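Engineer: Kindly generate the corresponding structure for this input.
(chains A and B)
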Amino acid sequence: MATTERILTDEMTEAIKAFIPRYPSKQAVTLPALHVVNDRLRHVPLQAVVEIAEILELAPAEVQDTLTFYGFFKQDKPHGNVRAWVCRSVSCHLRDADALLEHMCEKAGIRPGETTPDGKLTLEFAECLGACEHAPCMLAGDTLHESVTLEQADAFLESLE
Amino acid sequence: MSEFEPILLANVNAENSHTRSVYESTGGYAALRQVLGQMSKTDLIELVKASGLRGRGGAGFPTGLKWTFLPKDHPGPIYFCLNADESEPGTFNNRILMEEDPHQVIEGLILSCFATNTTTAYFYMRYEYPLAWERVQAAVDECYAAGYLGKNILGSGYDLDIFLHRGAAAYICGEETGLIESLEGKRAWPRIKPPFPAVEGVFHKPTVVNNVETVACVRHIAERGAEWFRSMGVPPDPENPRDPGSFGPKLYCLSGHVEKPGCYEAPLGITVNELIERFGGGVWKGRKAKAAIPGGISMGLLTADEFDCPLDFAGPGRYKCLGLGTAAVVVMDETVSMVDFLLNSSQFFAHESCGQCTPCREGTSWALKMMQRIKAGRGRLIDLDLLLEIGDNIGIIPGTTICGLADGAAWPLKNGIRKFRDEFEDYIRRTNPEGYAETDPVPALEVIGAH
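Structural biologist: The predicted structure is shown next:
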């Protein structure tokens, strides 16, 4: 088997280690470590799991167990330049969120959870984004889009780089 | 009640309300100075107990009483977890507090930590709140700079650190022991209780888990006293010896088919009708209401005839709902199909069941499959009884699961089908004229059964 190249940069390793003094157990740094890697690589490949486990003195399986529970961290390939979640829970559903998600999927030519071939967008559904007064809403990266119309959704898709 | 002045939302519309300087210009951190200078931890616990404050996160457990479950004279550490994993569909009051008035939350948190003899607090926030994350982190930084956090706070000898901890989009992390497991770096599988967190919680140590709005209330109780807090709300029901009353102000989240959705503050006990008319500008588009969720999707459903339901801790229970929950009211107008609603609710719970307990994992996913089949025009009348069987047999209340998620999944089924049975039957007969009376087992539908 070929030697696998290390994935975590020194900066990532330091960022992960900086969390250790906050908790009485290194395992508690699992979620912060996954976020550190995901923020930078847009996914957490298996090799990163192995390296996180090394830093936290865990078995890789322990980190992988936690990672897979959340369904939040992609492993096979990075998500797009923008990762957008369209809320489908009740308040948004009542204000036509289903039509919004369907419209956006159709325009972008992908299904929920997929990334456009040009890598600009990963589109997902979300369970309640907690912005029900702005239904239907969408969180794109760190930006909340409120009361999104189909026209606004089109403009958003066109603005992607 | 017209003279009620907002308390928790008093400052949210001020410019830069999220900064320390604006917070302090309206009396912020005065309660902290007052308490740390002259009050004992025991007295603060007694004050919160006397106020009748009940947890705002959904279960409504008396906060002061929860604190007294911590072991006496424990050598420490005792941990405090602030539950900011608000994820109940329809609910966003904690988000508003954290985005617009994070210092109010932090002052309440420091006071709550002081009362419970905690020197480390974990602020567990759901992933989907990036602005709240940024503002709470900035507010915590400001507090360290001002000497409100860290060593020897305001010269009192009391030390406290607050660490933010970010979730990863899982509803179950809002369940207090799910939160604890998640914080420990494990899958967020709720724990069997006892032991309760107060005895053995995070990192095997005594732990307090409280909601964001709950600690915000503590700040005001510390400043204005228990009697003031008890002057708002609903006294205990004399007919119910277990009802400790519903005191204080409450943030109500109003969404769905109203003209003005939003987060509104009122004394506990406002009715659904008052909330919709006084704050929400009525049902939208001049339509009539058909139903409403009284307090987050887990609480069940009220029919439009039941909108006189008072939204205090005991109110929704008298209308065959689970309870007040998160006080998130979602209004549905007369055009809403209850089949669509129940499909949406089933979809949520099937997606968010953590998979640990069989009745919940299987019950929620079978409920979803049946609802998908009904929606697709392949429903049979017997499905309604099967759905009710699931609703009546999953959850803590019949005793089949570890946490309350399955109870929450059950109430929309029970209320939806029992309160709107005719509509479900009509839909099934109309969309499946050939097969609605069938009772044989149905082969799974590949296409629509996929989840």
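Engineer: quick one, domains of the chain?
Structural biologist: In the absence of a named chain, chain A is used. Domain assignment for chain A by automatic domain parsing gives A:10-70, A:82-159.
Engineer: sorry, should have said chain B
Structural biologist: B:20-231, B:246-333, B:338-449.
Engineer: Does at least one residue of the longest one sit close to chain A?
Structural biologist: Yes. Using C-beta under 8 Å from any C-beta of the partner chain, a contact is recorded between domain B:20-231 and chain A, made by B:77, B:86-92, B:94-95, B:126-131, B:161, B:163, B:165-171, B:182-188, B:203. Where you see a C-beta, it was placed from the backbone N, CA and C, and this is true even at glycine.
Engineer: Among the residues you listed, name the buried ones.
Structural biologist: B:77, B:86-92, B:94-95, B:126-130, B:161, B:163, B:165-171, B:182-188, B:203 (16 or more other C-beta atoms under 10 Å in any protein chain shown).
Engineer: What segments of the chain are strands?
Structural biologist: Reading this off chain A. Taking DSSP state E as the criterion, chain A carries its strands at A:82-87, A:121-126, A:138-140, A:143-145.
Engineer: Actually, chain B is the one I wanted.
Structural biologist: Going by DSSP E, chain B shows strands at B:79-84, B:120-125, B:161-166, B:207-211, B:233-234, B:246-247, B:249-256, B:262-267, B:289-293, B:302-303, B:328-333.
Engineer: Tell me the residue of the stretch 301-450 of chain B that sits nearest chain A?
Structural biologist: B:Asn344 (4.7 Å; C-beta to the nearest C-beta).
Engineer: so what's that residue closest to, chain neighbours aside?
Structural biologist: A:His93 (4.7 Å; C-beta to C-beta, 6 or more residues apart in numbering or on different chains).
Engineer: ok, so what distance separates that neighbour from B:Leu254?
Structural biologist: 16 Å (C-beta to C-beta, to the nearest Å).
Engineer: How many neighbouring residues does B:Ile7 have?
Structural biologist: 20 (other C-beta atoms under 10 Å in any protein chain shown).
Engineer: Contact partners for the residue in the stretch 201-350 of chain B positioned nearest to chain A?
Structural biologist: Of the stretch 201-350 of chain B, the residue with the smallest distance to chain A, taken as C-beta to the nearest C-beta, is B:Ser255 at 3.7 Å. With contact taken as C-beta atoms under 8 Å, 6 or more residues apart in numbering or on different chains, B:Ser255 is in contact with A:91, A:94, A:132-133, A:135, B:90, B:261, B:328-331.
Engineer: Repeat that for B:Arg278.
Structural biologist: Counting by C-beta under 8 Å, 6+ apart, B:Arg278 has contacts B:Ile270.
Engineer: before we move on, the earlier item: out of the strands of chain A, nearest to chain B?
Structural biologist: strand A:138-140 (5.9 Å).
Engineer: so what pLDDT did residue 117 get?
Structural biologist: Chain wasn't specified; assuming chain A. In the prediction, the pLDDT value recorded for A:Pro117 is 96.
Engineer: Chain B was what I was after
Structural biologist: 96.
Engineer: tally of neighbours for it?
Structural biologist: With other C-beta under 10 Å as criterion, B:Asn117 counts 20.
Engineer: Next: the one 3 residues further on.
Structural biologist: The local packing of B:Thr120 (other C-beta under 10 Å) involves 22 other residues.
Engineer: Tell me what it is bridged to.
Structural biologist: Taking DSSP bridges, one obtains B:Tyr79, B:Asp161 as the residues bridged to B:Thr120.
Engineer: sorry, back to before: tell me which of the strands of chain A sits nearest to B:Lys369.
Structural biologist: Among those, strand A:121-126 comes nearest to B:Lys369, with 18.4 Å by C-beta to C-beta.
Engineer: remind me which residues of the chain are low pLDDT?
Structural biologist: Assuming you mean chain A. A:1-3 (pLDDT under 70).
Engineer: please go with chain B instead
Structural biologist: Checking chain B against pLDDT under 70 turns up B:1-2, B:444-451.
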